[in-house]
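> here is a sequence together with a model predicted from it:
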Amino acid sequence: DKLYIVMPAYNEQDTIKKVIEEWYPVVEKTGKESRLVIVNDGSRDHTYQIMQKCAQNRPQFIPLTKENSGHGATVLWAYQYALREGADYIFQTDSDGQTVPEEFGQFWEERKNYDMIIGHRKHRQDGFSRYIVTKTLKYVIKFCFGVNVTDANTPFRLMKADTLKANINLIPRDFNLSNVVISVIYAKKKLRVKYM
């Protein structure tokens, strides 16, 4: 299966090289057609230059750059890119080094059984305010859309490309909460979603 790992990056010059070194072996293991795609979202530092240098000896790594549009819009842009390139599966995570590739394997093993597998953050360690935002978002989604979504905006999700392709046009262009909307759409349509 052709896996595209996609990540947005904004001003990540301090961590981007390590992130590439950690995640690149995952695409190598999943096959020659798989790719690691990092999209530089108009960084003001040297993120993109570091990405270009790292790509010189990593043929399955694709560094892309575009004007700044925010995290959610960049994630959506990356999904559309992966779909155009013919990915079978798309995995999205962030480029800030907070997620680890060692947790990806169990997602990949389950890929054929679900339309989307999302990493559920049980014990957040990135501050109380983020915990409050996650909980508030859960209740807003329940109130507005009538669905329960365990963790709507997790940046650790594996999606079947066919299912994403059938639903991506429901997301407004350049929308900044694209992962939240995807989670809601999948829940409303009762698609096969697993939280790990």
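Received, thanks. Numbers count the residues shown, from 1 in each chain.
> where are the low-confidence patches of the protein?
Applying pLDDT under 70 to the chain picks out residues 121-145, 150-152.
> hey, where'd the strands end up in it?
Secondary structure of the chain (DSSP state E): strands at 3-9, 35-41, 61-66, 89-93, 116-118, 156-160, 193-195.
> out of these, deepest packed?
strand 3-9 (a mean of 26; mean count of other Cβ atoms under 10 Å). Backbone N, C-alpha and C define where each C-beta goes, glycine included.
> in its sheet, what does it sit against?
Strand 3-9 has the following sheet partners, assigned by DSSP bridges: strand 35-41 (parallel), strand 89-93 (parallel).
> as JSON lines, the ones you listed with distance to residue 67 would be great.
Converted to JSON lines, those look like this (distance: least, Cβ to Cβ, whole Å):
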{"stretch": "strand 35-41", "distance to residue 67": "8"}
{"stretch": "strand 89-93", "distance to residue 67": "20"}
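> what's the spacing between residue 179 and residue 33?
Distance of residue 179 to residue 33, computed by Cβ to Cβ, to the nearest Å: 25 Å.
> the two: which has the busier surroundings?
A direct count of neighbours by other Cβ atoms under 10 Å for residue 179 and residue 33 places residue 179 higher, at 22 against 15.
> centre-most residue in the chain?
residue 92 (1.8 Å; Cα atoms, centre = their mean).
> ok, the nearest residue in space to residue 185 that is not next to it in sequence - how many residues close by?
Spatial nearest neighbour of residue 185, chain neighbours left out: residue 167 (5.3 Å); criterion: Cβ to Cβ, 6 or more residues apart in numbering. Around residue 167 there are 17 other residues, counting by other Cβ under 10 Å.
> how many neighbours does the nearest residue to residue 163 once chain neighbours are set aside have?
Once flanking residues are discounted, residue 163 sits nearest to residue 115: 4.1 Å by Cβ to Cβ, 6+ apart. The number of residues packed near residue 115 is 19, by other Cβ under 10 Å.
> one more: residue 10?
20.
> what's the answer for the one 10 residues further on, then?
Burial measure for residue 20: 22 neighbouring residues, criterion other Cβ under 10 Å.
> any idea how far it is from residue 105?
Taken as Cβ to Cβ, the span from residue 20 to residue 105 is 19 Å.
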